[in-house]
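Engineer: Predicted model and sequence follow; I will ask about them next.
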Amino acid sequence: MRKVAIIGAGPAGIEAASILARNGIQVSLFEKSETPLKNLQDKAFLFPNFQAAQEIVDDLSGKLLADGITSVFGVEITDVRWQGTEWKLTDIKGQTYVTDSVLIATGYQVFDAHRKEELGYGIYKGVITSLDMEQMIKHGKITNANGDEPKRVTFLQCVGSRDEKSGNHYCSKICCVTAVKQAIEVRKQLPKCDSSVFYMDLRMWGQGFEEMYRTAQEKYGVSFVRGRISEAAATFDGRVQLKSEDTLMGLPLKMTTDLLVLMVGMEPSCGTKLLGKSCDVNGDYGFIKTVNPHLYDNETSRPGLFAAGTCKRPMSISDSINDARSAALAIQEYLDSLKNEN
């Protein structure tokens, strides 16, 4: 029986494992965390239909119970090498594993907002990230620095993305729609709270996303300001004072908010960068480089080595899952070609 090793138990890794196992392939799924779907478990609701993220977590977790999948948690793979007729994986403790093919699905990490010192994250309690806000929404308790319900919440787009200073020139793809979703959730939980979004431009690229943007304005009264916030500072009462510019009006803008939410973008995870270098398939910004983004987007330059999901570039959850299905097909075809050679 042919064997495949999948590195990363996120949506892409689990979906690919499930499909390969159903087709009679023995799968070993490695995850450095003690539990799967860590990034997804941090979410409250998913756009554009506001489905509870936990429902997707439960569905995907159930797929790990399929025959043919061996899940190995708490094990970090640090090296992947081709050795003659098979792939050899080595974990952080030096233990090795051999397999016929490897799928890298090591995912992403969020941009560290501490790197944008001018915005005050980690300095002022009223400055939080979109991940922090997601947890507040999930637990139904949105509070300001003093533990009270905020009267105004302000979202700032493109923190760590499309940013010359941070070195990330790319768009993280999901931040715009996440801000709209969270702004709506704030208004749902706190109907009297003012909710506004500062943006460079809004990239509502998915099905139903433009409609959700219009709903945010027309039904929930979310305001959108085309402009950048250049500086944040604390006030005596625990609020956050913002210096900005309304680029549509061409005027400077100063305002005070109870919470400033930094919409942090995606960066390749540490595991993605490490394995990209180990396998010599590292691309721009540390993401995994594939052969061709149109026809061979799951294949790498190394035969038998594949990639899926956000280890390649920023993607939504649905995109990651569909990409995993494509990767499973590519791996199946590769393993079939090995049979024909024999």
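Structural biologist: Yes, it's here.

Engineer: For residue 40, which residues are in contact?
Structural biologist: Residues in contact with residue 40, defined by Cβ atoms under 8 Å, 6 or more residues apart in numbering, are 10-11, 53, 56-57, 60, 317. For every residue, glycine as well, the C-beta is placed using N, CA and C.

Engineer: Which pair of those residues spans the longest distance?
Structural biologist: The most widely separated members of the contacts of residue 40 are 10 and 53, with 12.7 Å between them, by Cβ to Cβ.

Engineer: circling back to that earlier point, which one of the contacts of residue 40 is nearest residue 162?
Structural biologist: Of all the contacts of residue 40, residue 162 sits closest to residue 317, with 21.5 Å by Cβ to Cβ.

Engineer: for the spatially closest residue to that closest one that is not a sequence neighbour, what are its contacts?
Structural biologist: Excluding the flanking residues, the one nearest residue 317 by Cβ to Cβ, 6 or more residues apart in numbering is residue 11, at 5.5 Å. Residues near residue 11 by Cβ under 8 Å, 6+ apart: 37, 40, 56, 60, 309, 317, 320-321, 324.

Engineer: so which of those is the most crowded?
Structural biologist: residue 309 (31 neighbours; other Cβ atoms under 10 Å).

Engineer: Verify the contact between residue 169 and residue 162 for me.
Structural biologist: Yes: using Cβ atoms under 8 Å, residue 169 is in contact with residue 162, at 6.6 Å.

Engineer: And these two? Which one has more around it.
Structural biologist: Just comparing residue 169 and residue 162: by other Cβ under 10 Å the higher neighbour count belongs to residue 162, 18 against 11.

Engineer: Looking at this structure, which helix is longest?
Structural biologist: helix 317-341 (DSSP state H).

Engineer: Return the list of helices and strands in contact with that helix.
Structural biologist: Packing partners of helix 317-341 (3 or more Cβ pairs under 8 Å, 6 or more residues apart in numbering; DSSP states H and E): helix 11-22, strand 101-104, strand 305-307.

Engineer: gap between it and the chain center?
Structural biologist: In terms of Cα atoms, centre = their mean, to the nearest Å, the centre of helix 317-341 is found 22 Å from the chain centre.

Engineer: any residues touching it, and which ones?
Structural biologist: 2, 4, 10-16, 19-20, 23, 25, 40, 46, 56, 100-101, 103, 105, 296-299, 303-304, 306-310, 312, 315.

Engineer: Put the buried members of those residues into a ChimeraX selection.
Structural biologist: Command for ChimeraX that selects the buried part of the contacts of helix 317-341, burial taken from 16 or more other Cβ atoms under 10 Å:
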select :2,4,10,11,12,13,14,15,16,19,20,25,40,46,56,100,101,103,105,297,298,299,304,306,307,308,309,310,312,315
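
Engineer: hey, where'd the helices end up in this protein?
Structural biologist: Under DSSP H, the chain gives helices at 11-22, 38-41, 53-63, 130-138, 175-189, 209-218, 270-278, 317-341.

Engineer: can I get those in TSV with distance to residue 247?
Structural biologist: Output for the helices of the chain, formatted as TSV (distance: least, Cβ to Cβ, whole Å):
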stretch	distance to residue 247
helix 11-22	36
helix 38-41	32
helix 53-63	34
helix 130-138	22
helix 175-189	16
helix 209-218	18
helix 270-278	34
helix 317-341	30
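
Engineer: Tell me which of those helices sits nearest to residue 233.
Structural biologist: Of all those, helix 130-138 sits nearest to residue 233, with 19.2 Å by Cβ to Cβ.

Engineer: Quick one: list the elements packing against the closest one.
Structural biologist: The helices and strands touching helix 130-138, judged by 3+ Cβ pairs under 8 Å, 6+ apart, are helix 175-189, strand 259-264.

Engineer: For residue 95, state which of the contacts of residue 11 is nearest.
Structural biologist: residue 37 (24.1 Å).

Engineer: That closest one and residue 175: what is the separation?
Structural biologist: Relative to residue 175, residue 37 is positioned 21 Å away (Cβ to Cβ, to the nearest Å).

Engineer: Check residue 217 too.
Structural biologist: Counting by Cβ to Cβ, the separation of residue 217 from residue 175 is 18 Å.

Engineer: the domain parsing of the chain - what is it?
Structural biologist: With domains defined by automatic domain parsing, the chain comprises 3-107+269-341, 113-265.

Engineer: avg pLDDT for the shortest one?
Structural biologist: The reference is to domain 113-265. For domain 113-265, the mean per-residue pLDDT is 95.

Engineer: quick one: the strands in the stretch 151-300 of the chain?
Structural biologist: Taking DSSP state E, counting those that start in this stretch to define them, one finds strands in the stretch 151-300 of the chain at 152-159, 194-199, 223-234, 240-246, 251-257, 259-264, 266-268.
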